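In: heads up, no residue letters with this:
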């Protein structure tokens, strides 16, 4: 997906507006860590676009982070309902 598509997805899915410059900085950092890779392609009009893809390691990293967030959510749910 393109960086702008990542930004739109985050906005639509989580109602969180992240600046496009921040998206590209994050994608670059993830690429440097080997969690995503990019390649140039062409859009429907033939203009060059940079597309980003998760690597196998990136998908594993995401799964681990999702599990960590779920665990944290359980703790927060407990703390907010036990008072």
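Out: Yep, that arrived. Being a predicted model, the structure only gives us computed values, none of them experimental.

In: for the record, mean pLDDT for the biggest helix by length in the chain?
Out: Ranked by residue count and defined by DSSP state H, the top helix of the chain is helix 56-81. The average pLDDT within helix 56-81 is 94.

In: what about that helix, distance to the chain center?
Out: 15 Å (CA atoms, centre = their mean, to the nearest Å).

In: what's the answer for stretch 19-31, then?
Out: For stretch 19-31, the distance to the chain centre is 9 Å (CA atoms, centre = their mean).

In: Next, the buried residues of it.
Out: Residues 23, 24, 27, 30, 31 are the ones in stretch 19-31 that count as buried (16 or more other CB atoms under 10 Å). In this view, the C-beta of every residue, glycine as well, is placed from N, C-alpha and C.

In: Phi and psi next, for residue 44.
Out: The phi and psi values for residue 44, taken as degrees, to the nearest 10, are phi -60, psi -30.

In: helices and strands around the longest helix of the chain, which ones?
Out: Applying 3 or more CB pairs under 8 Å, 6 or more residues apart in numbering; DSSP states H and E, one finds that helix 56-81 makes contact with no other helix or strand.

In: Mind listing what's buried along that helix?
Out: Within helix 56-81, the residues that qualify as buried are 58, 61, counting by 16+ other CB under 10 Å.

In: before we move on, what about stretch 42-56?
Out: Those would be 49, 52, for stretch 42-56 by 16+ other CB under 10 Å.

In: First-to-last residue distance for that stretch?
Out: Stretch 42-56 has its terminal residues 24 Å apart, counting by CA to CA, to the nearest Å.

In: what would the buried residues of stretch 19-31 look like in JSON lines with distance to residue 62 and secondary structure?
Out: Shown next, in JSON lines, are those (distance: CB to CB, whole Å; DSSP: H, G, I helix; E, B strand; the rest coil):
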{"residue": "23", "distance to residue 62": "16", "secondary structure": "helix"}
{"residue": "24", "distance to residue 62": "19", "secondary structure": "helix"}
{"residue": "27", "distance to residue 62": "14", "secondary structure": "helix"}
{"residue": "30", "distance to residue 62": "10", "secondary structure": "helix"}
{"residue": "31", "distance to residue 62": "14", "secondary structure": "helix"}
